[in-house]
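> here is my input; please provide its structure:
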Amino acid sequence: MTAAAGGCLCGAVRYEAGRPAIGARTCWCRLCQYLGGGGATTNAGFYSEDFTISGEVKWHESVADSGNAMRRGFCPTCGTPMFSIAESRPHLIFARAGTLDDPNMIRPAATIWTSAAPDWACFDPAIPTIERQPPPIA
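Numbering: from 1, shown residues only. As a prediction, this is how the structure comes out:
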């Protein structure tokens, strides 16, 4: 059973999740601003054990503003940023919400790292904001 599916811009990378996303957040940390081309990223968390990826993914390792060692996956053909895996939470994989076939399937529960957002950033007043890194979603 597929609870969620998505892919990159060119279709070379696809993924499926066996269970629905456990949550989503919009992140304004500096690293996510790079990934988002200047804006924030919105990331949906899924359990790794029933999340499958088809196609070639290139991985970049870095340390996030939170101090977490991260692996971030992207399509080497079209460059679409797609995934994040925190070394401290290998049971989860985060997919960029824009890569979901149905980006309306989940809404962000919070906007995080607002302290790193540029002055022109806009925040939805209906979604809680957090200045830095909150506790993990699972």
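
> find the least confident helix or strand in the chain, judged by mean pLDDT.
Of all helical and strand segments in the chain, the minimum by mean pLDDT, DSSP states H and E falls on helix 30-35, at a mean of 89.

> now what about stretch 28-36, what contacts it?
Where contact means CB atoms under 8 Å, 6 or more residues apart in numbering, the residues beyond stretch 28-36 that reach it are 39-41, 62, 64-66, 70, 72, 81, 96, 111-114, 116-118, 121, 133. Heads up, the C-betas are built off the backbone N, CA and C, glycines and all.

> repeat the analysis, applying 6 Å as the threshold.
For stretch 28-36, the surrounding residues in contact (CB atoms under 6 Å, 6 or more residues apart in numbering) are 40-41, 64-65, 81, 113-114, 116-117.

> taking those one by one, which sit in strands?
Counted as lying in strands by DSSP state E, out of the contacts of stretch 28-36, are 41, 81.

> which one among the contacts of stretch 28-36 sits at the bottom for pLDDT?
Ranked by pLDDT, these bottom out at D65 (72).

> which one is that one nearest to, not counting chain neighbours?
Once flanking residues are discounted, D65 sits nearest to C29: 4.3 Å by CB to CB, 6 or more residues apart in numbering.

> and that neighbour, how close does it get to E56?
27 Å (CB to CB, to the nearest Å).

> compare the two (neighbour count), which wins?
C29 (21 against 11; other CB atoms under 10 Å).

> picking up where we left off before, mind listing what's buried along the least confident helix or strand of the chain?
Within helix 30-35, the residues that count as buried by 16 or more other CB atoms under 10 Å are 31-33, 35.

> and what of stretch 67-83?
68, 70-75, 80-83.

> restricted to strands, list those.
70-74, 81-83.
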